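>>> here is the input, now give the coordinates:
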Amino acid sequence: MTRVLYPGSFDPIHNGHLEIIATASRLFDEVIVAAMRNPQKGEPLFSLDERREMLEESVAHLPNVKVTMFASLVVDLAKEMGADFIVKGLRAVSDFESELQMAQMNQKISGVDTLFIPSASGNSFLASKLLREITRFGGDVTPMVPSAVAKRLQEKYGS
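You can find the predicted model right below:
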């Protein structure tokens, strides 16, 4: 059985994330989606509990996907969960540059390898930060996020 870990801040999860999760769920026996608080990304819009709920609702149709939260090194969580690999999605060349460095560091300190899954061009422009900004100013991101997320974004921004 091959188990993979897909970590991220998921603030909020969007259709690009879901594409990577669905692809991983077809390729591997078990996918663990792990949301974290990333201090490099500033103050989150959604709490970890809210993100857990949105993730669980968004992946409910994928029986081999589990959701967890973490506040440690990704490689420590990977070992704790018994993950064979870390999975990361790539949208553009710029993602590859930063993700490659992280993958190499993770492999060096833990021996856990990272596998990259490219997003389809239809989702490559999606970024949680942009979706939050569009919603904040009254824009509609409904086609780009799961319904559970669209509802919560509307509740947060009163649109």
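
>>> hey, let's count contacts and neighbours off CA atoms from now on
Fine.

>>> so who does V59 touch?
Contacts for V59 (CA atoms under 8 Å, 6 or more residues apart in numbering) come out as L18, V65.

>>> please renumber the chain so that the first residue is 7 from this point on.
Sounds good: first residue 7 from here, last item V65.

>>> which pLDDT does the model give it?
We note a pLDDT of 97 for V65 in this prediction.

>>> now Y163
pLDDT, Y163: 84.

>>> again with S100
At S100, the model reports a pLDDT of 85.

>>> could you count how many residues lie near it?
9 (other CA atoms under 10 Å).

>>> likewise I27?
I27: 24 neighbours (other CA under 10 Å).

>>> same thing with S125?
20.

>>> now it: closest residue in space, sequence neighbours ignored.
Excluding the flanking residues, the one nearest S125 by CA to CA, 6 or more residues apart in numbering is R97, at 5.5 Å.

>>> for G117, see how far away S64 is.
Distance of S64 to G117, computed by CA to CA, to the nearest Å: 31 Å.

>>> what of R138?
R138 is 35 Å from G117, by CA to CA.

>>> looking at these two, which is more packed in?
Comparing R138 with G117 by other CA under 10 Å, the one with more neighbours is R138, at 18 against 14.

>>> can you pull the buried residues of the helix or strand encompassing the more buried one?
According to DSSP states H and E, R138 maps onto helix 134-142. Buried residues in helix 134-142, counted by 16 or more other CA atoms under 10 Å: S134, L137, R138, T141, R142.
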